[in-house]
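Fold the following.
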Amino acid sequence: MTDEGQTHYFPKATIFVFTFLALYVILIATMPAEFFYPFTASGSTYDYSFLSFDDIKNIRFLETVNITRPALFLNDEWFDFTAEINFKMRVTWESTNRIWFEHMTWEFLGFQQFDQMKIMEYNVIYGSAQHFILLKEHVIANWDSEYNASILTPVQCDHVSTKVWVMDTNTSRNDIEQAWDDGALTISMGFGFSDYETKMSAIDILGRLLLFQAPTIFGLTGDMATIINVILTVPFYAMVGTLIFLVAMMIIPF
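Numbering: from 1, shown residues only. Next up, the predicted model:
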C-alpha cells in the first residue's frame with residue numbers, strides 16, 4: 001500500500017471503528033427488557049410453594065441451591081442464569097456463621113470480578129458494616145410462616161435487584177433456626193424484568209463484546225450467541241489491527 005493509499009484509508013478505518021462502537025452501545029443500552037430471554041424453570045425438584053401469587057406473576061428468572069456451612073473457611077454455591085441472561089450470582093456461607101451474596105460482573109480466562117450485593121430488608125436494622133452480611137437473627141426475623149421461608153427483598157447491586165428466600169432443607173420440618181444450627185439451608189433467588197438493569201454502562205457493554213461475552217439478546221443462547229458475538233467482534237479486531245499497522249507504517253521509517 002502506498003503512502004497516499006495509507007493516508008486515505010486511515011480516516012475511513014478510524015470512522016468505521018468509532019461508528020461501530022457507538023452503534024453497538026446505543027443498540028444494547030436501549031434494548032427493551034422484553035427482548036431478553038424469557039423465564040424458564042430452574043429444573044429443581046424443590047416445592048416452590050414459597051412463591052406468592054405476585055411472585056409467580058412477576059418473577060422471570062429463578063434459581064434454587066442447597067448450601068451447607070463448612071467446618072473451616074468458606075463454602076459457596078452459584079445461582080447460574082447464564083443460559084437466560086448472562087448473569088451469575090454467588091452465595092457464600094462462612095464457617096463463622098455469616099452469609100453474603102455477590103453478582104459476577106466479569107469473567108475472562110479464569111479471572112472473575114464481583115459486585116457485593118446489599119441486603120436491604122426493612123424488617124432488620126443494619127449497621128453500615130452489616131449491610132452485606134446475612135446473620136442467623138436476620139433470617140429468623142424475616143421468617144414468614146405462611147410460605148415456610150425467610151423472605152429478603154431486595155438484595156441488590158448496581159445491576160440487579162433480587163428477591164431471596166431462605167428455607168429449611170428438610171421441607172417436612174420447616175424450622176429455619178434448627179436448619180441454620182445444623183448448617184444446611186435451601187436458598188432461592190429470583191427477579192423480574194423490572195428488577196434487571198438493562199441499560200448497562202458503555203464500558204460494561206464494550207467489555208462484554210470484546211471479550212466475547214456480549215449480552216444474550218433476541219433469544220440467542222449457547223453456541224449461536226457465541227457465533228453472533230464472533231461475527232461482530234472479529235472484523236472489529238481486524239480493523240483495529242489494520243489501524244495499528246498503518247500508524248506503525250507512518251511513524252516507523254523503513
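
how about the strands in the stretch 51-200 of the chain?
Along the stretch 51-200 of the chain, counting by DSSP state E, counting those that start in this stretch, strands occupy 61-68, 74-80, 88-94, 99-108, 111-116, 118-119, 143-144, 149-156, 161-168, 184-191.

which one of those lies closest to residue 249?
With C-beta to C-beta as the measure, strand 99-108 is the member of these nearest residue 249 (30.9 Å). Yep, even glycine has a C-beta here, placed from its N, CA and C like the rest.

Quick one: residues in contact with that closest one.
67, 87-94, 112-117, 119, 132-135, 155, 157, 159-160, 162, 164, 189, 204, 207, 211, 213 (C-beta atoms under 8 Å, 6 or more residues apart in numbering).

7 Å - rerun?
Residues from elsewhere that reach strand 99-108 (C-beta atoms under 7 Å, 6 or more residues apart in numbering): 88-93, 112-117, 132-134, 155, 157, 159-160, 207, 211.

Just the buried ones from the residues you listed, in ChimeraX syntax?
In ChimeraX, a selection of the buried entries from these looks like this (16 or more other C-beta atoms under 10 Å):
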select :88,89,90,91,93,114,115,117,132,133,134,155,157,159,160,207
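
Reformat the strands of the stretch 51-200 of the chain as TSV; add distance to residue 177 and mean pLDDT.
Listed next are the strands of the stretch 51-200 of the chain as TSV, based on distance: least, C-beta to C-beta, whole Å; pLDDT from 0 to 100:
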stretch	distance to residue 177	mean pLDDT
strand 61-68	16	93
strand 74-80	20	95
strand 88-94	16	95
strand 99-108	15	87
strand 111-116	26	86
strand 118-119	19	89
strand 143-144	9	92
strand 149-156	10	91
strand 161-168	9	94
strand 184-191	11	94
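
between these, which one is nearest to residue 54?
Closest to residue 54 of the strands of the stretch 51-200 of the chain, according to C-beta to C-beta: strand 161-168, at 10.1 Å.

And the nearest residue to residue 120 once chain neighbours are set aside, how far from residue 194?
Among residues not flanking residue 120 along the chain, residue 154 sits closest, at 5.3 Å (C-beta to C-beta, 6 or more residues apart in numbering). Noted for residue 154: a distance of 11 Å to residue 194, by C-beta to C-beta, to the nearest Å.

And these two? Which one has more around it.
residue 154 (18 against 9; other C-beta atoms under 10 Å).

From residue 211, how far out is the more buried one?
From residue 154 to residue 211 the distance is 28 Å (C-beta to C-beta).

Over to residue 68?
For residue 68 relative to residue 211 (C-beta to C-beta), the value is 33 Å.

Over to residue 92?
25 Å.

Quick check: longest helix in the chain by residues?
Secondary structure of the chain per DSSP state H: the longest helix is helix 222-251.

Averaged pLDDT, that one. What do you get?
Averaging pLDDT along helix 222-251 gives 75.
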